[in-house]
Structure formats: C-alpha cells, structure tokens
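Chemist: Only the shape, not the letters, is given here:
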C-alpha cells in the first residue's frame with residue numbers, strides 16, 4: 001500500500017500571554033496555538049497537519065520556549081521559510097524556530113520537564129515599571145521563610161491540594177526537582193523545575209508560598225496541606241500575568257541541546273526519538 005510522504009517539524013516558540021486566551025484553540029477568541037497555525041500556514045503556503053503542543057498554558061500566562069510538532073505533505077525550502085518566519089509581523093508570538101524531525105517526534109512524547117518562573121513585585125514600582133508580567137503586592141515578602149517552606153515541596157508528592165479545577169491529568173503524582181526563590185532590585189522571582197505540572201499547580205503553589213512569605217501561614221504547614229489532598233487547604237491562587245513557562249525540555253534532537261540543564265546527566269525516562277530516516281520517508 002502506498003503512503004503519501006510527509007515532512008515532520010518540531011517548532012519552538014514563545015508568546016506574550018496577555019494577548020491570548022491560552023494556547024488551546026477556542027471559538028471566537030485568540031489563542032497562541034491558533035496564531036502559530038496561522039503564521040506557519042501563511043509563511044509556508046501549506047496546511048499544518050497534526051499540530052500538537054508540549055505544554056498547555058492558560059489565559060494570560062506567558063511562554064519563552066514552548067514546543068509544538070506538525071507535518072506538511074509538501075516539501076519546502078526550510079532556510080527561506082525560517083527567514084520568512086523571522087520577518088513576520090509581531091502578532092504576540094516570538095522566536096519561532098523550525099527543526100526538521102523524524103515522524104516519531106511528537107510534542108507530547110519528546111517533552112522532558114518544564115521550568116516555570118513567577119515574578120512578583122512586593123514594593124512600590126516606579127511609574128515606568130510594567131506590571132503586565134508580574135504580580136504586584138504590597139506586603140514585603142520574607143524570601144528566606146518562603147525558601148525554607150519550599151523544601152517540603154521538593155521530590156515526589158501527591159499534589160492534589162495544588163490541583164486546579166477541570167484538570168485532566170492522569171496522575172496527581174509529580175516530581176519537583178528544584179525551587180529557587182530570590183530577591184533582586186525589581187522584586188521576587190520563584191523558579192520551579194519539575195517533570196510535569198497539574199492544571200494551575202504552579203499558580204496555586206506561588207499563592208501558598210506568598211501566604212507564607214507574608215506571615216499568614218507558618219513555614220512548616222506544607223506537609224500537612226499536601227496530606228489533606230484537598231485544594232481548599234492551600235489558600236489563594238496567584239494571578240496568571242506573573243507566570244512564564246520559561247522552557248519545555250526536549251529529548252529531541254538526540255544531541256541533548258534542548259534538554260533542560262537540570263536534567264543533564266540524568267537518564268531519560270523515555271526513549272529518545274531517532275532520526276535514522278529522513279522525515280520525507282515517514283509513513
């Protein structure tokens with residue numbers, strides 16, 4: 001039986017979450033995923049098929065490096081295509097980069113960990129400071145207390161208490177590799193790396209840590225909150241505008257160039273997709 005050849009691609013891209021209602025396609029509202037499809041099809045001249053994303057983000061959440069895969073039935077000049085993408089008008093997407101891939105490379109199958117960064121301004125900003133990508137609060141946070149509490153979130157846990165509504169994850173057991181909370185001249189940043197995250201888990205985690213940082217909760221309360229396996233035990237949820245998906249780690253390409261630095265030296269949890277055959281020979 002003859003199968004039509006197809007040309008598979010991995011694409012990395014970022015976006016300004018304030019301009020989109022998340023990444024998943026929705027009726028009558030702009031999403032980052034819909035915008036990516038539009039720009040792929042406009043610059044290539046062909047229909048993007050099988051478009052899938054490595055990480056889902058909600059309305060207002062930003063991304064520096066998310067990943068997607070798709071394929072075309074038509075062969076294109078990728079060098080010229082990348083130039084056209086680089087010159088495309090700014091519609092909320094940024095740093096769109098194409099990588100030819102084998103047909104086994106799929107956005108969900110190659111992802112290996114995610115790094116999120118949450119930005120907080122806990123002091124009066126200057127008149128020129130933009131707050132579209134940070135959470136502005138007035139109590140000054142106790143960063144040392146927050147970092148102390150965060151140690152109890154590290155490792156593998158049932159994160160039901162930090163799970164948002166309508167979460168479709170198959171398992172509530174997730175592993176967090178690192179949580180770093182630091183203060184600079186602008187405010188406080190919380191950087192979290194984990195294998196996967198439940199829906200709104202990151203924002204619920206930040207809300208909990210902020211409650212601890214303001215003194216509303218004690219630093220030793222997290223084990224008890226996780227043990228309850230109940231979202232109502234964890235308190236407030238941080239707003240979306242302060243959250244950025246900094247990077248989705250990828251097992252492809254095989255040289256490890258797109259793996260998260262926190263995963264370097266670790267044995268991959270799944271097989272790395274191979275590219276022994278050209279993508280145009282994929283069935």
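Modeler: Here it is on my side, so go on. This is a predicted model, so every value here is computed, not measured.
Chemist: Wait, a helix at residue 7?
Modeler: No: looking at residue 7 with DSSP: H, G, I helix; E, B strand; the rest coil, it is strand, so not inside a helix.
Chemist: quick one: pLDDT of the residue lying closest to it once chain neighbours are set aside?
Modeler: The spatial neighbour of residue 7 that comes closest, neighbours along the chain excluded (CB to CB, 6 or more residues apart in numbering), is residue 72 at 4.8 Å. Heads up, the C-betas are built off the backbone N, CA and C, glycines and all. Residue 72 is assigned 97 on the pLDDT scale.
Chemist: okay, now residue 72: neighbour count?
Modeler: 22 (other CB atoms under 10 Å).
Chemist: same check, this time on the one 10 residues further on
Modeler: The tally of other residues near residue 82 (other CB under 10 Å) stands at 15.
Chemist: distance of the closest residue to residue 228 other than its chain neighbours from residue 217?
Modeler: Counting by CB to CB, 6+ apart, residue 228 lies nearest to residue 161, which is 5.8 Å off, once chain neighbours are set aside. Distance, residue 161 to residue 217, using CB to CB, to the nearest Å: 13 Å.
Chemist: Low-confidence ranges, the stretch 151-283 of the chain, go.
Modeler: 274-283 (pLDDT under 70).
Chemist: What segments of it are helices?
Modeler: 201-213, 222-228 (DSSP state H, counting those that start in this stretch).
Chemist: could you list every residue that touches residue 15?
Modeler: 23, 32, 35, 62, 63, 66, 92, 93, 94 (CB atoms under 8 Å, 6 or more residues apart in numbering).
Chemist: that older thread, turn the helices of the stretch 151-283 of the chain into JSON lines, including mean neighbour count and distance to residue 151.
Modeler: As requested, the helices of the stretch 151-283 of the chain are exported to JSON lines (neighbours: other CB atoms under 10 Å; distance: least, CB to CB, whole Å):
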{"stretch": "helix 201-213", "mean neighbour count": "25", "distance to residue 151": "11"}
{"stretch": "helix 222-228", "mean neighbour count": "16", "distance to residue 151": "9"}
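Chemist: Reformat those as CSV; add distance to residue 182.
Modeler: As requested, those are exported to CSV (distance: least, CB to CB, whole Å):
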stretch, distance to residue 182
helix 201-213, 13
helix 222-228, 19
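Chemist: With respect to residue 10, which of those helices lies nearest?
Modeler: helix 201-213 (24.1 Å; CB to CB).
Chemist: contacting residues around the closest one?
Modeler: 116, 118, 120, 135, 137, 139, 141-143, 145-146, 149-150, 153, 159, 161-164, 174, 181, 188, 190, 192, 217-219, 221-222, 225, 231, 234-240, 242-243.
Chemist: What subset of those is buried?
Modeler: Among the contacts of helix 201-213, those buried by neighbour count (16 or more other CB atoms under 10 Å) are 116, 118, 120, 135, 137, 141, 143, 145-146, 149-150, 153, 159, 161-163, 174, 181, 188, 190, 192, 217, 219, 221-222, 225, 231, 234-235, 237-240, 242-243.
Chemist: Residue 136: how many residues sit nearby?
Modeler: Residue 136 has 17 nearby residues by other CB under 10 Å.
Chemist: That one reaches residue 121, doesn't it?
Modeler: Yes: here residue 136 reaches residue 121: they are 4.9 Å apart, a contact under CB atoms under 8 Å.
Chemist: Pairing partners for the spatially most central residue of the chain in the sheet, please.
Modeler: By CA atoms, centre = their mean, the chain has its centre lying nearest to residue 245, at 3.6 Å. Counting by DSSP bridges, residue 245 forms beta bridges with residue 63, residue 116.
Chemist: can you pull the contacts of it?
Modeler: 55, 57, 61, 62, 63, 64, 65, 66, 114, 115, 116.
Chemist: Wait, a helix at residue 69?
Modeler: No: according to three-state DSSP, residue 69 belongs to no helix; its state is strand.
Chemist: Next one: it from residue 211, what distance?
Modeler: Counting by CB to CB - residue 69 and residue 211 are separated by 39 Å.
Chemist: How about residue 231?
Modeler: The gap separating residue 231 from residue 211 is 14 Å, by CB to CB.
Chemist: how long is stretch 23-35 end to end?
Modeler: 9 Å (CA to CA, to the nearest Å).
Chemist: which of the residues in that stretch are buried?
Modeler: Buried, per 16+ other CB under 10 Å, within stretch 23-35: 23, 31, 32, 33, 34, 35.
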